[in-house]
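Asks: coords please:
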Amino acid sequence: MASAKKSDGGIVETIKTVFWALIIAGVFRTLFFQPFWIPSESMKDTLLIGDFLFVNKMAYGYSRYSCPFGLCPISGRILGSEPERGDVVVFRHPVNGTDFIKRLIGLPGDTIQMKNGVLFINGVEAPQEAAGVFEEINEPQGPMRSRPRCENGAVGDGGICTRSRFIETLPEGQTHNVLNIDTNGGGDNTDVFTVPAGHYFFMGDNRDNSMDSRFNQRAGGVGFVPAENLIGRADRVIFSSAGTRMLYFWTWRSDRFFKAIE
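Replies: Numbering: from 1, shown residues only. Sure, this is the predicted structure:
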């Protein structure tokens, strides 16, 4: 009898432990970090399809899209610091409400333009330095089973897909990789964009395969993103799965554990 009671007590304690662990995890997620799994190739080679990361929701303060328990104002932000050019940011799309991840390129008041695939910020070129070639196998990737777009043309199944890689330097000195696919892609030459007050301009690092602020929202692009739509900053990849499911541990990429996002 005593043994049975002890066993029952052990089960109850285990249930309590699991319950409080879930509560703590939920509060932690609500207040501080939000998980995000990369679904597309718009940020290659900085982020790969299948990268799993936590978004720092406190980086820029709380807004209606990142606020714990819905206690924040309908517009604007509370607490936090100002976003910086070059940050990799998760934000809510201004029209369709889905979560996007891109690099912050334009701050309020900036002018942004692309000329022949080169970025100009406030009329000054962000120089690009050749950095070899990004290679990957042409095969279905992630749960959406999408295939990469290749600079080297039509590549058969299992072939090597390549894209030219460049190191881009922003005005403040930050550097990051960008990829090229097309010589004269749809976003390689643009008008001059002037970023409105309280808004930001985002671009993907895979420049010829990213629907970002260069493209009108009516055409499926992002356009200018209001400050209150920012959810948080992505700082580090926790792990990365090359398979169709995040928990298929045998498909995890060994070189991407806790990889810093630059």
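Asks: going forward, measure contacts and count neighbours with C-alpha atoms only.
Replies: Will do.
Asks: Could you list the low-pLDDT ranges of the stretch 1-150 of the chain?
Replies: Within the stretch 1-150 of the chain, the segments meeting pLDDT under 70 span 1-32, 62-80.
Asks: hmm, try it at 80
Replies: By pLDDT under 80, the weakly predicted segments of the stretch 1-150 of the chain are 1-33, 61-81.
Asks: okay, which residue is most central for this protein?
Replies: Centroid-nearest residue in the chain, with C-alpha atoms, centre = their mean: residue 101, separated by 2.8 Å.
Asks: my guess is it is in a strand, correct?
Replies: Yes: under DSSP: H, G, I helix; E, B strand; the rest coil, residue 101 falls within a strand.
Asks: I'd say residue 185 and residue 206 touch.
Replies: No: Residue 185 is not in contact with residue 206 according to C-alpha atoms under 8 Å; the separation is 11.5 Å.
Asks: More neighbours: which of those two?
Replies: Of the pair residue 185 and residue 206, residue 206 is the one with more neighbours under other C-alpha atoms under 10 Å, namely 23 against 14.
Asks: Can you give the contact residues for stretch 99-107?
Replies: For stretch 99-107, the external contacting residues (C-alpha atoms under 8 Å, 6 or more residues apart in numbering) are 42-43, 84-93, 112, 121, 195, 199-205, 212.
Asks: Among those residues, the buried ones, what's the PyMOL command?
Replies: Of the contacts of stretch 99-107, the buried ones can be selected in PyMOL as follows, counting by 16 or more other C-alpha atoms under 10 Å:
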select buried, resi 42+43+85+86+87+88+89+90+91+92+93+112+121+195+199+200+201+202+203+204+205+212
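Asks: Among the contacts of stretch 99-107, name the ones in helices.
Replies: Applying DSSP state H to these, no entry is found in helices.
Asks: taking the contacts of stretch 99-107 one by one, which sit in strands?
Replies: Using DSSP state E, the subset of the contacts of stretch 99-107 located in strands is 88-92, 112, 121, 199-203.
Asks: Same list, these, but as CSV with distance to residue 247 please.
Replies: Below are these laid out as CSV (distance: C-alpha to C-alpha, whole Å):
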residue, distance to residue 247
88, 24
89, 24
90, 22
91, 25
92, 26
112, 40
121, 41
199, 36
200, 34
201, 34
202, 30
203, 29
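Asks: Relative to residue 165, which of those residues is nearest.
Replies: residue 203 (15.9 Å; C-alpha to C-alpha).
Asks: Let me see the contact set for that closest one.
Replies: Residue 203 makes contacts with 102-105, 210-214, as judged by C-alpha under 8 Å, 6+ apart.
Asks: and which of those residues is nearest to residue 33?
Replies: Residue 33 lies nearest to residue 102 out of the contacts of residue 203, by C-alpha to C-alpha, at 17.5 Å.
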